[in-house]
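Enquirer: Next come a sequence and a model predicted from it.
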Amino acid sequence: MIVASLRVQMLLPGCASLKQKRFVLASLKARLRNRFNVSVCESDFQDTWQRSELAVAAVTTDMRGARTVAEQVMAFLDREPRIVLCEHERNFY
């Protein structure tokens, strides 16, 4: 069993309030869960309205699958027009 862990910091330049930020993040988290079968939570910057950090985790049977899921999630986030990726960290356990 391999666990892929991602920590992704992002900017949300179109958000002018925490309410807008929550709407964007709720949509993004639901799409990640449905498309990639991963666990997602907002792990930092909860009170900052134009910045966020998401933690994403997936459990796979082998390292190849873990790397594939991590790459697909990052590609998905990179294509998302409502966010700008700042930095990310990948870990495999």
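Expert: Here it is on my side, so go on.
Enquirer: contacts, neighbours, all on C-alpha from now
Expert: Will do.
Enquirer: Measure how buried the spatially closest residue to Phe45 that is not a sequence neighbour is and give me the count.
Expert: When the adjacent residues along the chain are set aside, Phe45 lies closest to Ser52, with 5.1 Å between them (Cα to Cα, 6 or more residues apart in numbering). By the measure other Cα atoms under 10 Å, the count of residues near Ser52 is 22.
Enquirer: Who are the contact partners of Ser52?
Expert: Shown in contact with Ser52 (Cα atoms under 8 Å, 6 or more residues apart in numbering): Gln9, Met10, Leu11, Leu12, Glu42, Ser43, Asp44, Phe45, Gln46.
Enquirer: and which of those residues is nearest Glu89?
Expert: Nearest to Glu89, judged by Cα to Cα, of the contacts of Ser52 is Gln9 at 9.0 Å.
Enquirer: Just give the nearest non-adjacent residue to the closest one, would you?
Expert: Closest to Gln9 by Cα to Cα, 6+ apart is Glu53, at 4.3 Å.
Enquirer: Around that neighbour, count how many other residues there are.
Expert: Neighbours of Glu53 (other Cα under 10 Å): 21.
Enquirer: Distance check, it against Val69.
Expert: Distance, Glu53 to Val69, by Cα to Cα, to the nearest Å: 19 Å.
Enquirer: what's the answer for Ala16, then?
Expert: Taking Cα to Cα, one finds Ala16 at 32 Å from Val69.
Enquirer: Good, wrapping up.
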